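Q: please work out how this folds:
(one chain, ligands or ions: 1)
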Amino acid sequence: MSHDVIGIIGGTGNLGAAIAWRLARAGHPVLIGSREPDAAQAKAAELGHGLTGLANAAAAAQADLIIVTVPFAAQEATLAQIRPHVTGKIVVDTTVPLMPPKVMRVQLPAEGSAAVRAQQLLGAGVTMVSAFHNVAAHKLAEDIDVGCDVLVFGDDKAARAKVVALADAMGLRGLHAGALVNSAAAEALTSILIFMNKTYRVDGAGIRITGELVPPVE
Ligand SMILES: NC(=O)c1ccc[n+]([C@@H]2O[C@H](COP(=O)([O-])OP(=O)(O)OC[C@H]3O[C@@H](n4cnc5c(N)ncnc54)[C@H](OP(=O)(O)O)[C@@H]3O)[C@@H](O)[C@H]2O)c1
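A: Just a heads-up that it's a prediction; the model follows:
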């Protein structure tokens, strides 16, 4: 089966590198993007599995599906870099709008969520999905069962289903969680998980949806 080429924008970072590694290990062609092509190449070589490192814009241009893994403070500038290359493609935003130093408080942006902000910044020609807000990157980077469900948001059900399948391929459980506006809930939940990590001294608390779930008909 041929796979979409996946470009990870900010793929040198904690979450992006872990996603890249898990997807490449599962047989997906993955491009690591960075503001610095040398840094992208070095990270790709470190992670192995045939990963390739490129500048962010080149990774976005060559990819069929793009995953953006940069801090909220860098979201606007990063999306401006890739905007010319993403029309007609699926873009997966992972941004949690943390506003240091108060990262244990929910502080959503004026647009309602980082995902809706990303859609507004990239325009209607992009199919926006958001996911991976509640999974701890350092756990994802290890060869372990992470034990966290991945809530996937987006207005296009087929695009959402692709990202649910990618989460599954990474050894997680991807779950449809509805429209892009719903992303606010998962983005907000991360501040609560950070609070719980501190309060209960847990190493990367995650989430599990209980009950027997019957997968939707695609
Ligand atoms: N870490 C987690 O456990 C976790 C979990 C769920 C969601 N998230 C979300 O995922 C996103 C990435 O988190 P992370 O922890 O992986 O972040 P990170 O490691 O701090 O940064 C990721 C990458 O973003 C780029 N970057 C950093 N600062 C930048 C700036 N000022 N301008 C432009 N690019 C910049 C860097 O790439 P280059 O220098 O190579 O360009 C960096 O390697 C965040 O929005 C976070 O909320 C993180």
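Q: quick one: residues contacting the residue nearest the centre of the chain.
A: With distances taken as C-alpha atoms, centre = their mean, the residue of the chain nearest its centroid is residue 94 (3.5 Å). By C-beta atoms under 8 Å, 6 or more residues apart in numbering, residue 94 lies in contact with 15, 19, 67, 68, 69, 130, 131, 132, 133. Backbone N, C-alpha and C define where each C-beta goes, glycine included.
Q: hmm, 10 Å instead?
A: Residues near residue 94 by C-beta atoms under 10 Å, 6 or more residues apart in numbering: 8-10, 15-16, 19, 67-70, 114-115, 118, 129-133, 135, 137, 187.
Q: pLDDT score assigned to the residue of the chain found nearest the ligand?
A: Ranked by C-beta to the nearest ligand atom, the top residue of the chain for proximity to the ligand is residue 13, at 2.2 Å. Per-residue confidence (pLDDT) for residue 13: 98.
Q: for it, the count of nearby residues, please.
A: Counted with other C-beta atoms under 10 Å, the neighbours of residue 13 add up to 19.
Q: give me the nearest residue to it, chain neighbours excluded.
A: residue 69 (5.8 Å; C-beta to C-beta, 6 or more residues apart in numbering).
Q: what mean pLDDT would you report for stretch 61-71?
A: 98.
Q: so it, near the ligand or not?
A: Yes. Stretch 61-71 is in contact with the ligand by C-beta under 6 Å from any ligand atom, via 69, 70, 71.
Q: in that stretch, what's buried?
A: Neighbour-count burial for stretch 61-71, counted by 16 or more other C-beta atoms under 10 Å, picks out 61, 63, 65, 66, 67, 68, 69, 70.
Q: if I pick the last one, what's in contact with it?
A: This means residue 70. 9-13, 15-16, 33, 35, 56, 76-79, 81, 93-95.
Q: that older thread, show me which of the contacts of residue 94 are buried.
A: Among the contacts of residue 94, the ones that count as buried by 16+ other C-beta under 10 Å are 8-10, 15-16, 19, 67-70, 114-115, 118, 129-133, 135, 137, 187.
Q: in strands only, show me the contacts of residue 94.
A: If you go by DSSP state E, the contacts of residue 94 have 8, 9, 67, 68, 129, 130 in strands.
Q: show me what the first one is bridged to.
A: Read that as residue 8. residue 32, residue 67 (DSSP bridges).
Q: quick one: average pLDDT of stretch 80-95?
A: Stretch 80-95 shows a mean pLDDT of 98.
Q: so it, near the ligand or not?
A: Yes. Stretch 80-95 comes into contact with the ligand (C-beta under 6 Å from any ligand atom), by way of 94, 95.
Q: list the buried residues of that stretch.
A: Going by neighbour count (16+ other C-beta under 10 Å), the buried part of stretch 80-95 is 81, 82, 83, 85, 86, 89, 90, 91, 92, 93, 94, 95.
Q: nice, that's everything, thank you.
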